[in-house]
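> Quick check, what structure comes out for this input:
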Amino acid sequence: MNLRLTPIALAAALLGTASASLAQQPVQARPAAKEAAKEAAKEAAPPITKVEVKGSAEEYDARRDDTASKTVMNHEEIIKYGDTNVFDVLKRAPGVTVIGNAIRMRGLGNGYTQIMVNGERPPPGFTMDTLAPDQIERIEVVRAATAEHSMQAIAGSINIVLKKVVSKPQRDLRINTARSGQQRNLFINGTLADRDGRLSWYLNGMATRFLGKNPNQSTEQFTAPSGQVLQLREKTTRQSNDSSSVGVSPRLNWKLENDDQLNLSAYIQSQRYGYGSGTLTANRIGSFPQPDYVDRQAEGSNRSSYGNVDVNWVAKIAGGKLDAKANIGRANSDGASRSTSYTADRRTVLLREATTESQFTHSGTSGKYTRTLFDGHALSTGWEASRQGSDDSNRRVEGVIGVAPDRIDEAFNPVVTKVAVYAQDEWNLSKDWSVYLGARWETINTDSSGTGLRTTESRNRVLSPVAQTLYKFPDKSGRQLRLALTRTFKAPNTGQLSARRYESDLNTRFNPDYSGNPDLKPELATGVDLTYEHFFAPGAVFSVATSQRKISDYIRSKLTQDGRGYWLIQPLNDGNATVRSLDVELKFPLKAIMPDAPGFDFRASANRNWSRVDSVPGPDNRLDQQIPLSVVLGADYREDKYSAGASLAYRQGGPVRISEQQSSRLQARRELEAYLLVKLRPGYQLRLAVSNALGEDNVNDSQYMDSNGGSRTWSRSPGSARFQANLEMKF
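As a prediction, the model looks like this:
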């Protein structure tokens, strides 16, 4: 793929000719320079004398000192509310909104926000909802992309860093139970960790049990161009589900000679899931095509397992530091489902049964080599390569009862191969001014084949230069200014590239088929970020950030009718789009402005987003599902024996124009949560919490209008407050 480069981008791209490696953490000029000084001191000292230079960890603050802009949530902030999954944790992160299991920055999800674990995108089969917050050391919210991580981060990246090195013995157990009007769950998590000389080890285990129900009321309406209602039907759905999972995460860390390290880690998880549902339809106005299935019953189950082994070697080589990694993983998933659809008179019954088997394999290697050169330059080069394969088989039996059924065997075999190399340099032009330049070349090849499908190939290659700078105002004022220029992209996923078609039992505007598009190209985005930060007291910060992304080859899903008259949703590239955002954050302890004040901490953040899709007529022609405004307010109070806190998150809704014919309405939502932590005795504490305290329902509304008339569907699912108790024990 040919890209036109600006002079700055071309200069950054020239760095890509250097040799290669991966990064687990952003390059930092100051820590790298200190490390080089330490090595030089050792080499210059007499043979018998050992010279050791140590920098204070307290002097380094990633958010304040790294040239690349990011916000860090530490372990204390992560476990504060007693959450059992990372999605609930991220609801309180500044500039981040979470809807269900979709994590968004700049209001954008659906692949625009990159989610990483230890600096890498999780492989197929890995489920984020089984990642226990107790395993997480920190969460980095990265607004502007860096070359060491994949540039598939148009909106930004969230890097979840797991605990690795053990500094002291750890024996703890956490038991959490939660209940609301729609769900009940039990969560157990325990950790054993210790060290013996140069060897440290860490073992975390978790088990969960979840029971849920999801009633839903929906209405479908079709009107003539004149506005007359021609068809109206109401649906009542009852759905229940249950799931259980177990997981274990062992890690070993060896300190070798010359401060080298060898790390071995693994993650194993197993899940079981079952569901049952029933939908009754009442036709209020008009008649519908026959056979009109008004009663649907369905049930299904699934078992899955996932395992991954990761080997990491950190060594000092040729005056620099090599951080290399290799990993291999495998996942299996087996499922069965049965659905029965009845007409009102029960004379016509459609039966669908299916069994599915899927096997995912993943292997990869990555590395980063860092060395301080010249005067304070921290140069890094790196590589990343991976292969992901899937073998899917689906056996279906379907047809109207009383007639010989169709027996269909399908196979689907996608393979995704990724290769990337990068180079980056960070250096200090002065004590107050640092600069970062980098470039990353990525190639993503997707090959798909399957029963009854033509073999498809997708080849995407992107060169992504990036430049960032940090200027600190003199006299230790705590004020600083950041600027970032980036080239990022969003590659279509395997499902979007496949020609495989998923057929609905009754094809309508409200229930269309779905198919991918093998001809999709990646979205490319040129971005600029400008940030002002003021660290006006210890633990206190005020920041304002603004950004813009110019996107080409924007991908959107379009609802159309095919040549046979069947309704179909299919992704396509459709012109250009523009995204702008404004982020404001304020965080401070009350003691920062009142030295004798009680132990209150306050935080507030607001994220305002705008977007425009050129090929869609306005108004409200935003990117699909973008959140226009999100605001988070929070406060915490601490004393010796107890602490408490509350957080209120507001998410603005409003209409969205998806295409000339399609539109939808985002739901406005307020979520209030609070916690109380009581220290019962040394090593034991009880945490009580409530989330969705306002008990807001979930609402959806979408429309499609053409020359034949307009169709609209809207639905509501009840919501209720969720109460939880969390007992934490340290032995």
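> Helices of the stretch 451-600 of the chain, residue ranges please.
494-497 (DSSP state H, counting those that start in this stretch).
> Could you list the low-pLDDT ranges of it?
For the stretch 451-600 of the chain, no stretch is flagged by pLDDT under 70.
> With the stretch 151-300 of the chain instead?
Looking at the stretch 151-300 of the chain by pLDDT under 70, you get 165.
> And the strands in it?
For the stretch 151-300 of the chain, the strands defined by DSSP state E, counting those that start in this stretch cover 156-162, 170-179, 183-196, 199-213, 216-223, 229-255, 261-285, 293-317.
> Highest mean neighbour count out of these?
A comparison of the strands of the stretch 151-300 of the chain by mean neighbour count, using mean count of other C-beta atoms under 10 Å, puts strand 156-162 on top with a mean of 23. C-beta: built from backbone N, CA, C; applies to glycine.
> how about the strands of the stretch 151-300 of the chain, which one is nearest K730?
Distance to K730, taken as C-beta to C-beta, is lowest for strand 170-179 among these, at 4.6 Å.
> what's in contact with the closest one?
Outside of strand 170-179, the residues that reach it under the criterion C-beta atoms under 8 Å, 6 or more residues apart in numbering are 82, 84, 134, 184-194, 202, 722-731.
> quick one: strands adjacent to it?
Each strand paired with strand 170-179, and its direction, by DSSP bridges: strand 183-196 (antiparallel), strand 722-730 (antiparallel).
> and S717, how many neighbours?
Burial of S717, expressed as a neighbour count using other C-beta atoms under 10 Å, amounts to 16.
> ok, now how distant is it from D295?
S717 sits at a distance of 20 Å from D295 (criterion: C-beta to C-beta, to the nearest Å).
> With G319 instead?
74 Å.
> Setting aside sequence neighbours, what's the nearest residue to W313?
A324 (5.1 Å; C-beta to C-beta, 6 or more residues apart in numbering).
> Just to check, that neighbour is in contact with D310?
No: in this structure, A324 is not within contact of D310 by C-beta atoms under 8 Å, at 11.4 Å.
> quick one: contacts for P133?
Under the criterion of C-beta under 8 Å, 6+ apart, the contact partners of P133 comprise 78-79, 83-86, 89.
> before we move on, the earlier item: distance to G247 for the strands paired with strand 170-179 - can I get that in TSV?
Conversion of the strands paired with strand 170-179 to TSV gives the following (distance: least, C-beta to C-beta, whole Å):
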stretch	distance to G247
strand 183-196	9
strand 722-730	18
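> Looking at the ones you listed, which is nearest to T208?
Judged by C-beta to C-beta, the one of the strands paired with strand 170-179 that comes nearest to T208 is strand 183-196, at 5.1 Å.
> Can you give the contact residues for that closest one?
Strand 183-196 is touched from outside by 84, 132, 134, 166-179, 200-213, 722, with contacts defined as C-beta under 8 Å, 6+ apart.
> can you give me the angle that strand makes with strand 199-213?
Relative orientation of strand 183-196 versus strand 199-213 (axes from the mean of the first three to the mean of the last three C-alpha atoms, to 10 degrees): 180 degrees.
> how far is strand 183-196 from where the chain is centred?
The chain centroid and the centroid of strand 183-196 are separated by 23 Å, computed with C-alpha atoms, centre = their mean, to the nearest Å.
> same thing with stretch 442-454?
Centroid displacement of stretch 442-454 relative to its chain, using C-alpha atoms, centre = their mean, is 24 Å.
> List the buried residues for that stretch?
When neighbours are counted by 16 or more other C-beta atoms under 10 Å, the buried residues of stretch 442-454 are found to be 442-444, 446-448, 450, 453.
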